[in-house]
Each structure stands twice: as structure tokens, then as C-alpha cells.
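A.B. asks: Show me the folded form of this:
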Amino acid sequence: MSTLSVTRAVSARIPTEYGEFELVYYSNTVDDKAHLAFHMGDLSGGENVLVRLHSECLTGDIFGSLRCDCGEQLDRSLQLIAEEGQGVLVYLRQEGRGIGLLQKIHAYNLQDDGHDTVDANLLLGHQADERDYTVAVRILEDLGIKSVRLITNNPLKISSLEDAGIKVNERVELDNFVNPENSQYLLTKAQRMNHLLRMANAPTDS
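C.D. replies: Numbering: from 1, shown residues only. The predicted model follows:
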């Protein structure tokens, strides 16, 4: 994906409960998906900007599913950016760790049969995580961002930015939004995907 490029198509002011953001729609050269930047404040300095790379999760972001922590992570990230008065949330259209909504729903059924999130993806013929952050890198470059404080628990996002030449000066930890429905999901992220989560107080299903 080294030849991937993005084009800023249109932007608009979006007032939210957290404050006023600017929504930017990006087209790109590899897919027809609407990848977005949702930013606040003056980004002209380009250094040490608070950034969240958030992959689309329809079930969590929109419907409030308790099977994951995506909706809570999205809300908390916007809150942190608003408290800072400056920052960017890059919203990437790569549902279900990149496998798409249809396959994600199939994976949910496999999880209900006792498979964890990694094995469910593998049983469907996918990788454990098929996401790619090249689009996010290009969007940050378009916004003139050279270094970030990254809101994440996922070390893959840190290495993806640094490998592309965007310096990660700090990792801003996200809370553990744990509940009885997502405790095994979070445990799998920590144990099998190396996410930086503290799971000592996770509830059990019993």
C-alpha cells in the first residue's frame, strides 16, 4: 500500500456535546470507503498532537453493544480531545478488525459457541486482525501532523505510525471499559494480541 494517497474532499463544522469539531471526508486510491478526520483546535504546529485512530464498529459505536469496548473508547477519546482543546480522531472504515460487518456477525456467533475473538476470525478464514493504518498515516500527513500523543492500548498502532515516520511521543492510556459481556474479549486482546490492558479486576461470566 505504499502508493496509497488520500484527497480531502469536503469538510464541515460539527457541534457536539463535547464542543465544536471539524469533520473532513477523505477519498483514497485503494477503496471507496469514507475515511474521516474529526478534529478540534489549531493543528498548524503539527507537533505533539493528541490523536486517536479509531476503527469503525457499528455495533459498539452506534448501537451501544456491550460485546466490545469500542463505543466507550470513541466517546472517551472525543472527551480527551475536547478537554485538550485540540486533537484529531481519525475514523477508519475497517469494521470487525478489517473483516467487514457480515463476517463480524458470523464471528459473533462463533464466539457464542465458545471461541475467542481471534479463533473466530481464523475459523472464518481471516487473520486475527486485518486492519491497516496507511490511510490514517496519509490523513495525518495531510493535516500536517508530524508527532503525536496517541490515545491507544494497541501497540500495533504505535509501531504503524512510527514506521511511517510519525513520531509517537506518548501513549495516552484508555480506561478498561470492562463488563461481564466483554471481559473475555478484553482478556483475549491482552493475552493474544498484546494490547496494553490491566485486567486484574475483570468480572467473570459466573
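
A.B. asks: next one: phi and psi at residue 47?
C.D. replies: Dihedral pair for residue 47: phi -120, psi 140, per degrees, to the nearest 10.

A.B. asks: In contact with the closest residue to it other than its chain neighbours, which residues?
C.D. replies: Distance criterion Cβ to Cβ, 6 or more residues apart in numbering; nearest residue to residue 47, sequence neighbours excluded, is residue 147 at 5.0 Å. (Glycine included, C-beta is placed from N, CA and C.) Residues near residue 147 by Cβ atoms under 8 Å, 6 or more residues apart in numbering: 46-49, 166-169.

A.B. asks: And those, which is closest to residue 112?
C.D. replies: Distances from residue 112 to the contacts of residue 147, taken as Cβ to Cβ, are shortest for residue 168 (36.3 Å).

A.B. asks: For that closest one, what are phi and psi?
C.D. replies: Dihedral angles for residue 168 - degrees, to the nearest 10 - are phi -100, psi 100.

A.B. asks: Please apply the same query to the one 10 residues further on.
C.D. replies: Main-chain torsions, residue 178, degrees, to the nearest 10: phi -100, psi 140.

A.B. asks: Could you do residue 170 as well?
C.D. replies: phi -160, psi 150.

A.B. asks: what does residue 59 give?
C.D. replies: The phi/psi pair for residue 59 (degrees, to the nearest 10) is phi -70, psi -40.

A.B. asks: Now for the nearest residue to it once chain neighbours are set aside: which residues touch it?
C.D. replies: Excluding its sequence neighbours, the residue lying closest to residue 59 (Cβ to Cβ, 6+ apart) is residue 65, at 3.9 Å. By Cβ under 8 Å, 6+ apart, residue 65 lies in contact with 57, 59, 71.

A.B. asks: Perfect, I'm done here.
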